[in-house]
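# please find the sequence and the predicted model below.
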Amino acid sequence: MKRYTFLLLAAILFVGACSKDDKLPTDPIIGLGGDTWAPTSIDTFIYQNFVKPYNIEVKYKWDPYELNFNRDMVPPDESVVLPVLNSVIEIWRKPYETVAGPNFLHRFALLKFAMIGSAEYQSDGTIILGNAEGGSRINLMIVNDFAYNKEDQVVRLLHTVHHEFAHILHQTIMYPEEWRGISTQWYTGTWFNTSIEDAQAQGMVTDYAKAAEEEDFVETVSFLLIEGQERFDQLKEDNPDVADIFTLKENIVVDYYKESLGIDFRKLQEEVKKGKELILAMGSDNSN
Amino acid sequence: MNKILIVFGLLLISIACSKKENFDDVVRPDKKLAEEIAKYQNQLQSAEYGWIGYLYPGGGGGYTFKFKFDDKNRVMTYADMKEGYSKQAKESSYRLKATQVVSLYFDSYTYLSELADPDPAKSGGETGYGLRSDFEFSILSASADTMHLKGNLNESELLLVRATAEQGDQYISNVYDQGEEIAKINLFENYYKTIELDGKNYNITLNTDQHTVSFYWDENGFKQFSTEYASTDNGFILREPFAYAEGKLLHEFTDFSVDVTKEEASTSIAGTATLIQAADAPLIVDAGAPRRMYTEPYEYSTLKGFAIYGTQDALGLQSIPNYTGMKYIARYYLDADVTFMYFSNSAPFGPAHLTQIDDTNGIMRFTPMYSNQGSSPSQNVSIKISQFRSLWGDANGYYVFQTGKNKYDLVSTVDPGVWIRFN
């Protein structure tokens, strides 16, 4: 009984002791909700084409906290922002919309594109051309060298986009078990010690595909889409020893898209090719 | 015992929160920050004629800009980096951001960003670093007409001065022309120049590639003062003032013009007409410079090679197809130093030598050793390399003068008309 009295007393004291009535501050917190600026036509374009339909943020203005802040990098030139985004729309978004329906990208969503004008130079002399984090955000690097008529730049940027998006897909629905073991013997953390040619002779589409099983998968997807079926067939011809491995991987990818996602991969390839041709043609119209 | 503890605990609880602080009078940090940002924003956009910016990148050099900020995060930029940039403004965006110190971000690509570009093809600097410049700047201090800013990554220095009505849109174009005028000082027959300040003679060197100015004099031994400069439309301003006499600071050279035939430059210092004159011998030699240059682990580069009797790039290196520059690299081999010529399409080529240092007289000698290293891309290059090699290997050696951090001029000890500038 005594104990209860004490407890009751304690509770009353405790409640009473802290009954201050401080007012909450009314000043807005600086930078809460992100930086703001007077919107330009670029911002309107991003809002209409990325934020509103898909809730995807596109960062093109410099923000050191998005990046490896102790490296020298530069922001994008505003003149390349729309060409890059148009390419992303034509070569990545529209093909998926056409083949998989308008709601597909809502189910497997990216959160953010960040654009950087230059590459990131590593202290060991290598450079980072593009990367992604957590399957949700994609860094598009060296956009300042981008132009509609530079096929290598268009392919490089969109390869990154398709690569990362394929990660999101397989992280939601895993690729088939048969993928395991096809090239397991070649996976290595030091993939960069292998040249692209050597990697292809081992049955992987790129050197980075050697990094891990899932990288192999998404590189194969990305290669089949953006580099294209013709280049892929060429790989088989150039590397007859591993042609059956390439064929096996190709079939697994096509099956995965059909069985797991309900997408006709061949049709998707066609649409990506159409988009790519459209973008490259825009380069020949105006020598951007 | 237990009860005492409980009572004691209750007492503690009861007084623990019984403070009555009044936060109404306290200005919260966010409010202060918002006020600061508004103040700077207003200051930047209120300058009717914009701001003249003097930028000293972390990697050296000095550049002059003109910025016009508006109230919609847009900024127009002129720069004296290239003739085209001085005439055609580029529009980009900026914003003020509340980082640890309120910072001015040039947040899309503009002329200023080019200096910081890690791609050497764009900045002309080091791979991965560019010219170690900045485009995010902390605002360190601001008065009505002047703002001092410091780069957040590479600690470049940016000085913004409110432009006057006379400093219109053609101003940076005039600054560029003035930069060309200053560079004419390299066309004098001999390397050495003197200037008289307050009755005392100084050697003066303008490194027009890297925008540094250096003074050398004898005051119980060798003394030197070096700093960066940025061009104005009629001269140049010094990053750090030169204290040449008690209470006398040299901030700026005005009305600067070069007469190549008379081998003199006339200028005005704080209203006093002053001449920079040619000389055929140094007032004093920097005896420590050869060893400083040699021991620093740095690859010294030169684009123009030797200047001979006022002819820049006397060997015509820049006419070699795919030539990208020369480098002097100490300790390149275990037993030899090299001076290589670099090409965009083939391997480096050039002499290997021993570097001898005479610490007493301040002389550096490059004693040829072995044949040229690498293979020559063409007959033309072979001829130029052997011309270079015989000049470079001159047994009389070179005096060395430092014009900035890791920047050295080498002047023949016997012929003051023969010199080479390493940056």
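Thanks, I have the structure now.
# now do the residue of chain B found nearest chain A against A:Phe223, distance only.
Taking Cβ to the nearest Cβ, chain A has its nearest neighbour within chain B at B:Gly128, 3.2 Å off. Quick note: C-beta positions are derived from backbone N, CA and C, even for glycine. Counting by Cβ to Cβ, to the nearest Å, the gap from B:Gly128 to A:Phe223 is 29 Å.
# and the two? which has more neighbours close in?
When neighbours are counted by other Cβ atoms under 10 Å in any protein chain shown, B:Gly128 and A:Phe223 differ, and A:Phe223 comes out ahead with 25 against 19.
# which residues sit in contact with the more buried one?
A:His159, A:Val205, A:Thr206, A:Arg231, A:Phe232 (Cβ atoms under 8 Å, 6 or more residues apart in numbering or on different chains).
# would it count as being in a helix?
Yes. Counting by DSSP: H, G, I helix; E, B strand; the rest coil, A:Phe223 is located in a helix.
# isn't the residue of chain B closest to chain A right next to A:Tyr121, touching?
Yes. Here B:Gly128 reaches A:Tyr121: they are 3.2 Å apart, a contact under Cβ atoms under 8 Å.
# so for those two, which residues contact both of them?
A:Arg71, A:Asp72, A:Ile127, B:Pro118.
# neighbours around the last one, how many?
Right, B:Pro118. Neighbours around B:Pro118, by other Cβ under 10 Å: 23.
# neighbouring contacts of the one helix or strand B:Phe253 maps to?
Using DSSP states H and E, the element containing B:Phe253 is strand B:248-259. For strand B:248-259, the external contacting residues (Cβ under 8 Å, 6+ apart) are B:178, B:181-182, B:184-185, B:187, B:197-198, B:232, B:234-238, B:241-244, B:264-270.
# pass me the low-pLDDT residue ranges in the stretch 1-150 of chain A, would you?
A:1-3, A:6, A:9-23, A:25, A:135 (pLDDT under 70).
# next up, the contacts around the residue nearest to B:Lys407 when sequence neighbours are not counted.
Distances taken as Cβ to Cβ, 6 or more residues apart in numbering or on different chains place B:Asn423 nearest to B:Lys407, at 5.0 Å, with adjacent residues excluded. Going by Cβ under 8 Å, 6+ apart, B:Asn423 touches B:Asn207, B:Asp209, B:Gln210, B:Tyr300, B:Ser301, B:Thr302, B:Asn406, B:Lys407.
# which of those residues lies closest to B:Lys87?
For the contacts of B:Asn423, the closest approach to B:Lys87 (Cβ to Cβ) belongs to B:Asp209, at 22.0 Å.
# name the SS class of that closest one, please.
Going by three-state DSSP: B:Asp209 is coil.
# quick check: B:Tyr40 touching B:Phe137?
No. In this structure, B:Tyr40 is not within contact of B:Phe137 by Cβ under 8 Å, at 11.1 Å.
# show me how to select, in PyMOL, the buried members of the contacts of strand B:248-259.
Burial among these is assessed by 16 or more other Cβ atoms under 10 Å in any protein chain shown; the matching PyMOL selection reads:
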select buried, chain B and resi 178+181+182+185+197+232+234+235+236+237+238+242+244+264+265+267+269
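# tell me if the strand or helix carrying B:Thr64 is near chain A.
B:Thr64 belongs to strand B:63-69 when elements are defined using DSSP H and E. No. Figure legend: strand B:63-69 not in contact with chain A (Cβ under 8 Å from any Cβ of the partner chain); closest approach 12.0 Å.
# just after that strand, pick out the following helix or strand.
Next helix or strand after strand B:63-69 toward the C-terminus (DSSP H and E): strand B:74-79.
# quick one: mean pLDDT over that next one.
The pLDDT scores in strand B:74-79 average 96.
# next, the angle strand B:63-69 makes with it.
Between strand B:74-79 and strand B:63-69, the angle comes out at 160 degrees (axes from the mean of the first three to the mean of the last three Cα atoms, to 10 degrees).
# do a quick rundown of the helices in the chain.
If you meant another chain, say so; for now it's chain A. Taking DSSP state H to define them, one finds helices in chain A at A:2-17, A:41-46, A:52-54, A:78-88, A:94-100, A:104-107, A:151-172, A:196-201, A:213-222, A:229-238, A:243-256, A:265-285.
# can you look at chain B instead?
Going by DSSP H, chain B shows helices at B:2-16, B:29-46, B:83-87, B:111-116, B:120-123, B:171-183, B:289-295, B:379-392.
# cool, thanks, signing off.
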